[in-house]
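Asker: structural data only, the sequence is not supplied:
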């Protein structure tokens, strides 16, 4: 096995999710002095990533040699919510290798950490490429990629054919969200090609900016967990961190990109802050942990309580979906709201072998601990358990 291939995994700075750019623009304009740290975790048990540290580092170094080209900046400039001064900045921007360290975890055999630290505007792009690199490096060193792609195609075609037998399929639509959990760049490209061919009415878009441009799809995305996490250190006080994050978003986008993520501290704590002003102002909510059916009930009840017509709002589901679950959710929501679906691992990593469950989360901002609590046990990520307890107490989270 070679430690590095002649063709780097990441060949364009657009090969990432849209929300990296939308969040980065807020940071550039409003929080240029923020300093952050990210930590990596592989949640899959009994996986040894240590032998691949050198190869992962080489791929990250290759990523750090990239710069935005005029044609790539033109793609971003077409988006009405991306501002000219931000793309002028991106013309000068380059990811820096000094902000990233890949090391073995001393007290956890087989585990590695990818520690990212630096100015938030400089480091925010690293998460998605790093996760894509880890997945592809692991996959190509562990499995026969050609065989995995062959089996992956069989499984994908079978999923599509099975879904087509569902009467609700004709009115179903979805987006592809699989960049961070893909077997490879080439496989994500192939998946999108198959989906465009086999279900062009159902495939609405992708979160990946590069592939949206290549396949002429709508690019989708707003904010991620790290955005709301950072405000635990940036806001006027911890209890107001979620409303401060929403206010900064509204200030930046003035009504564009109106889907809010709900599970950084948990759906209940989020809805307590999501008052009538935000309920009317934002276009909808995104689910990313916990039971999607219970989450939908809470969202619909919230709209009803505030006398807001949920039929004009969008509920976006994006947590470990399958076609079966999504179609069931579509039927469950029915005409009560607009339902949208984003698929990741189910499309871009299902090739007949277990997928890696890898994440990279912000753990500190301006030297202060920050945390994501989530609505699912095991998804909480913070390096200071005492801070997690404090955060729960401030927001009245008992679970």
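Answerer: Sure, I can see it. This one's a predicted model, so the numbers in the text were calculated from it and none came from an experiment.
Asker: how about the contacts made by the nearest residue to residue 279 once chain neighbours are set aside?
Answerer: What sits nearest to residue 279 in space, not counting adjacent residues and going by CB to CB, 6 or more residues apart in numbering, is residue 306, at 4.8 Å. In this view, the C-beta of every residue, glycine as well, is placed from N, C-alpha and C. Residues in contact with residue 306 (CB atoms under 8 Å, 6 or more residues apart in numbering) are 276, 279-280.
Asker: any idea how far residue 262 is from residue 306?
Answerer: Residue 306 sits 15 Å away from residue 262, going by CB to CB, to the nearest Å.
Asker: same check, this time on residue 201
Answerer: 29 Å.
Asker: count of neighbours near the residue lying closest to residue 372 once chain neighbours are set aside?
Answerer: Leaving aside its chain neighbours, residue 372 sits nearest to residue 225 (4.8 Å; criterion: CB to CB, 6+ apart). Residue neighbour count, defined by other CB atoms under 10 Å, stands at 22 for residue 225.
Asker: is residue 225 in contact with residue 260, as I believe?
Answerer: No: applying CB atoms under 8 Å, one finds residue 225 not in contact with residue 260, separated by 12.0 Å.
Asker: before we move on, back to that, residue 201 and residue 262 - which one has more neighbours?
Answerer: The neighbour count for residue 201 versus residue 262, taken as other CB under 10 Å, is higher for residue 262 (27 against 10).
Asker: pretty sure the more buried one is touching residue 286, no?
Answerer: Yes: in this structure residue 262 lies within contact range of residue 286 using CB under 8 Å: 6.6 Å.
Asker: tell me which residues are up against stretch 290-298.
Answerer: Contact with stretch 290-298 is made by 262-263, 267-268, 271, 287, 315, 317, 319, 325, 329, 332-333, 337, 374-376, as judged by CB under 8 Å, 6+ apart.
Asker: can you pull out the strands in the stretch 1-150 of the chain?
Answerer: Under the criterion DSSP state E, counting those that start in this stretch, strands of the stretch 1-150 of the chain are mapped to 35-42, 100-104, 112-119.
Asker: which one of those lies nearest to residue 90?
Answerer: strand 112-119 (14.7 Å; CB to CB).
Asker: quick one: contacts of that closest one?
Answerer: 32-42, 49-50, 52-53, 56, 60, 96, 98-105, 123, 126-127, 130, 134, 360.
Asker: stretch 196-214 too?
Answerer: Residues outside stretch 196-214 that contact it (CB under 8 Å, 6+ apart) are 12, 14-19, 21, 75-76, 157, 160, 163-164, 169-170, 172-177, 179, 188-189, 192, 195, 215, 217-221, 340, 342.
Asker: buried sites along the lengthiest helix in the chain?
Answerer: Of all segments of type helix in the chain, defined using DSSP state H, the longest is helix 145-164. Buried residues in helix 145-164, counted by 16 or more other CB atoms under 10 Å: 145, 148-149, 151-152, 156, 159-160, 163.
Asker: ditto for stretch 80-94
Answerer: 81-83, 86-87, 89-90, 93.
Asker: centre of the chain to that stretch, how far?
Answerer: 21 Å (CA atoms, centre = their mean, to the nearest Å).
Asker: do stretch 246-261 as well
Answerer: Centroid separation for stretch 246-261 versus its chain: 17 Å, with CA atoms, centre = their mean.
Asker: quick one: mean pLDDT over it.
Answerer: For stretch 246-261, mean pLDDT rounds to 98.
Asker: just confirm residue 356 is within a helix.
Answerer: No: assigned with DSSP: H, G, I helix; E, B strand; the rest coil, residue 356 falls outside any helix and is coil.
Asker: tally of neighbours for it?
Answerer: Count around residue 356 with other CB under 10 Å applied: 20.
Asker: residue 298 belongs to a helix?
Answerer: Yes: counting by three-state DSSP, residue 298 falls inside a helix.
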